[in-house]
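Chemist: From the sequence below, what's the structure:
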Amino acid sequence: MNHTIRKTFIRIHLLTALLCGAVIFVVCITGCLYVFKDEITDLSRPRKFVTPQDKPFILPEKVLDIANNKVTDLAPWAITYGEKNDAILVDYFDREKGMFSAYINPYDGEVIKTTHTSFEEFDFFRFILTGHRTLWLPREIGKPIIGYSVVLFTLTLITGYILWFPRRWNKKTIKRSYLIKRSGSFARFLFDLHTVLGKHVSLILLVLCLTGLIWSFPGFSKVIYSLTSGGEELKPYTLPNSQIPQEESMQKNTLNTLYHQLKAEEPTATTFYFALPQSEEGVIRVSVVHKRGSYYQTDNLFFDRYTLASLEGSGPYAGKYKEASKADKLRRMNLEIHDGRILGLFGKIIMFFVSLTGASLPVTGVYIWYKKDGKYKDKSIFAT
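Modeler: You can find the predicted model right below:
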């Protein structure tokens with residue numbers, strides 16, 4: 001690489017790293033802590049599970065009757081049916097009081113537990129996610145700070161990879177570039193942590209940056225969708241409306257009918273989430289999950305609350321997964337690519353270590369910069 005170009009890349013790498021380092025440290029650490037949220041939550045909430053029985057599940061209308069006797073002053077918000085070892089969950093939401101939940105045995109209707117989570121109550125994972133998304137600042141301030149910091153971090157990763165990419169491919173340079181030297185000074189060890197680990201995770205970190213920027217900047221999101229769809233426009237996610245009948249004609253046991261219909265259509269689905277209408281024009285929104293824990297392998301369906309007629313929404317998340325375009329499927333995958341969930345537990349483990357390494361890069365980078373421009377005598381380790 002030309003000396004002048006290299007020097008320019010070094011300056012870009014240093015400047016962008018110094019500008020975004022503190023924010024990226026927080027984003028990576030919070031992302032690292034949030035990766036195993038579902039697994040930890042399941043372990044800490046045994047009420048979510050029941051002993052499987054060779055009996056059919058009780059139907060939604062009965063579930064609502066049971067739950068409404070426990071939570072008497074609110075309208076139900078959603079019902080979640082899981083697999084044979086999952087309790088049925090009925091959620092209630094109030095903008096002032098918070099979230100109420102009833103966990104019900106799907107075989108005999110026993111109320112296992114009711115919980116109340118107020119907005120003032122501290123929730124560790126909610127706290128971590130807020131830091132990851134907004135740095136615990138007001139959304140209109142924190143979100144842009146994170147977005148532009150991720151842009152700078154993207155430049156930092158690209159310039160860093162180019163700067164420390166082996167200029168000659170032989171056994172010595174490959175060993176030096178991709179293995180951490182076990183002997184040597186502490187400064188040498190930190191330098192290897194920064195450059196060697198940085199090279200190993202930089203491509204995955206770039207994927208994290210790009211998938212994160214889709215949420216940060218609507219313009220970037222539209223451009224990516226256009227590129228992946230062959231020029232089509234990204235439609236907003238919207239829900240249809242139910243048609244209010246002229247006369248009272250709501251079917252009895254509409255949820256029971258819909259439940260039987262969906263179970264017959266998708267017998268292997270792992271989860272059925274019924275979001276209940278909260279207004280006269282509201283629809284019944286059903287998420288049919290085909291793989292446990294997956295968001296993208298999900299059908300998001302809409303039904304008229306009065307007639308159960310199937311309705312169409314818009315946007316990449318609406319409709320059946322199998323019928324979605326390739327661009328829509330890729331957009332649905334965005335979250336699971338971002339958190340590694342798309343590869344299951346193995347993917348989450350990878351993202352945990354990648355995020356942890358990403359958090360270390362600003363720390364080791366600042367140390368290297370300080371030693372290089374400070375009083376450290378042996379500067380030979382900085383010559384690559």
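Chemist: C-alpha only now, for contacts and for neighbours.
Modeler: OK.
Chemist: tell me the secondary structure for residue 133?
Modeler: helix (DSSP: H, G, I helix; E, B strand; the rest coil).
Chemist: And it, what's its pLDDT?
Modeler: Residue 133 carries a pLDDT score of 97 in this model.
Chemist: And the one 4 residues further on, by the same measure?
Modeler: At residue 137, the model reports a pLDDT of 97.
Chemist: Ramachandran angles for it?
Modeler: phi -100, psi 170 (degrees, to the nearest 10).
Chemist: Spatially nearest residue to the residue sitting nearest the centre point of the chain, not counting backbone neighbours?
Modeler: Centroid check for the chain by CA atoms, centre = their mean gives residue 335 as the closest residue, at 4.2 Å. Leaving aside its chain neighbours, residue 335 sits nearest to residue 211 (7.5 Å; criterion: CA to CA, 6 or more residues apart in numbering).
Chemist: Against which helices or strands is the host helix or strand of the one you found packed?
Modeler: Using DSSP states H and E, the element containing residue 211 is helix 186-216. Where contact means 3 or more CA pairs under 8 Å, 6 or more residues apart in numbering; DSSP states H and E, helix 186-216 is packed against helix 139-163, helix 171-178, helix 218-229, helix 326-339, helix 344-373.
Chemist: Tell me which of the ones you listed sits nearest to residue 52.
Modeler: Nearest to residue 52, of all the helices and strands packed on helix 186-216, is helix 344-373, at 23.9 Å by CA to CA.
Chemist: tell me what that closest one is packed against?
Modeler: Going by 3+ CA pairs under 8 Å, 6+ apart, helix 344-373 lies up against helix 3-34, helix 186-216, helix 326-339.
Chemist: Pull out the buried residues from that helix.
Modeler: Neighbour-count burial for helix 344-373 flags 347-352, 354-362, 364-365, 368, 371-372 (criterion: 16 or more other CA atoms under 10 Å).
Chemist: can you put the helices and strands packed on helix 186-216 in CSV and add distance to residue 51?
Modeler: Below are these laid out as CSV (distance: least, CA to CA, whole Å):
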stretch, distance to residue 51
helix 139-163, 42
helix 171-178, 49
helix 218-229, 44
helix 326-339, 30
helix 344-373, 24
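Chemist: where among the ones you listed is the average confidence lowest?
Modeler: Lowest mean pLDDT of those: helix 171-178, a mean of 65.
Chemist: Does residue 273 belong to a helix, a strand or coil?
Modeler: Going by three-state DSSP: residue 273 is strand.
Chemist: Now do the contacts for the residue nearest to it when sequence neighbours are not counted.
Modeler: Nearest non-adjacent residue to residue 273, counting by CA to CA, 6+ apart: residue 80, 4.4 Å away. Shown in contact with residue 80 (CA atoms under 8 Å, 6 or more residues apart in numbering): 88-90, 271-274.
Chemist: Need the max-distance pair from those residues.
Modeler: Pairwise distances across the contacts of residue 80 (CA to CA) peak at 13.5 Å, for the pair 90 and 271.
Chemist: More neighbours: those two, which one.
Modeler: Neighbour totals were compared for residue 90 and residue 271, and residue 90 leads with 27 against 21 (other CA atoms under 10 Å).
Chemist: And the pLDDT for that one?
Modeler: Taking residue 90 on its own, its pLDDT is 98.
Chemist: could you measure it against residue 58, distance?
Modeler: Per CA to CA, to the nearest Å, residue 90 is found 13 Å from residue 58.
Chemist: for residue 81, same thing?
Modeler: 10 Å.
Chemist: Compare these two (neighbour count), which wins?
Modeler: Between residue 81 and residue 58, counted using other CA under 10 Å, residue 81 has the larger neighbour count: 21 against 16.
Chemist: Spit out the contact partners of the more buried one.
Modeler: Counted by CA under 8 Å, 6+ apart, residue 81 has contacts 87-89, 271-273.
Chemist: Quick check: pLDDT value at it.
Modeler: Taking residue 81 on its own, its pLDDT is 98.
Chemist: Looking at the helices and strands packed on helix 186-216, which is nearest to residue 48?
Modeler: Among the helices and strands packed on helix 186-216, if distance is taken as CA to CA, the winner is helix 344-373, at 19.9 Å.
Chemist: Is residue 237 in contact with residue 318, as I believe?
Modeler: Yes: between residue 237 and residue 318 there is a contact under CA atoms under 8 Å: 7.1 Å.
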